[in-house]
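>>> sequence and predicted structure, then a few things I'm wondering about:
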Amino acid sequence: MTETVKNIWRLDKDPTIKSILILLQHEVGPDNFMLLNESELNEKAVRIIYPSTQRDLSAYIYSYAQRIDHYGLDLEFPYLIEAAANDQSIRLDNLTAEEVIEKVIEHLQIKVPNSV
């Protein structure tokens, strides 16, 4: 299931994941990212995409197996053309919330609204 995030507090997610989503929403706006396959993930993880029409890149953010107030981040790339190839990702561990937001915006190429 793919959906834009309108009310983060209603998600069945751990508070650490809700916090990072609120920070991301504050930076890029509520309609500039979507959750992907939400029902398949546990409460301490979320996978996001941008824009809704581009599913080639995704970011998997998680708080399990990380230091307190830190996150893991998998920057996910499209499947390779070869039949035997697995998906490709870059795994980053123990990032601060600010580092996660910066890397997600860069990886997904999210257009950040102009700030005044």
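Thanks, I have the structure now.

>>> how about residue 61: which residues does it bridge to?
Bridge pairing for residue 61 (DSSP bridges) gives the partners residue 46, residue 73.

>>> go on, residue 92?
residue 73.

>>> please renumber the chain so that the first residue is 376 from this point on.
Sounds good: first residue 376 from here, last item residue 467.

>>> residues contacting it?
447, 448, 449, 450, 478 (Cβ atoms under 8 Å, 6 or more residues apart in numbering). C-betas here are computed from N, CA, C, even on glycine.

>>> ok, which stretches of the protein are helices?
Assignment of helices within the chain using DSSP state H yields the ranges 390-403, 472-483.

>>> turn those helices into JSON lines, columns for mean pLDDT and mean neighbour count.
Formatted as JSON lines, these follow (pLDDT from 0 to 100; neighbours: other Cβ atoms under 10 Å):
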{"stretch": "helix 390-403", "mean pLDDT": "95", "mean neighbour count": "18"}
{"stretch": "helix 472-483", "mean pLDDT": "96", "mean neighbour count": "17"}
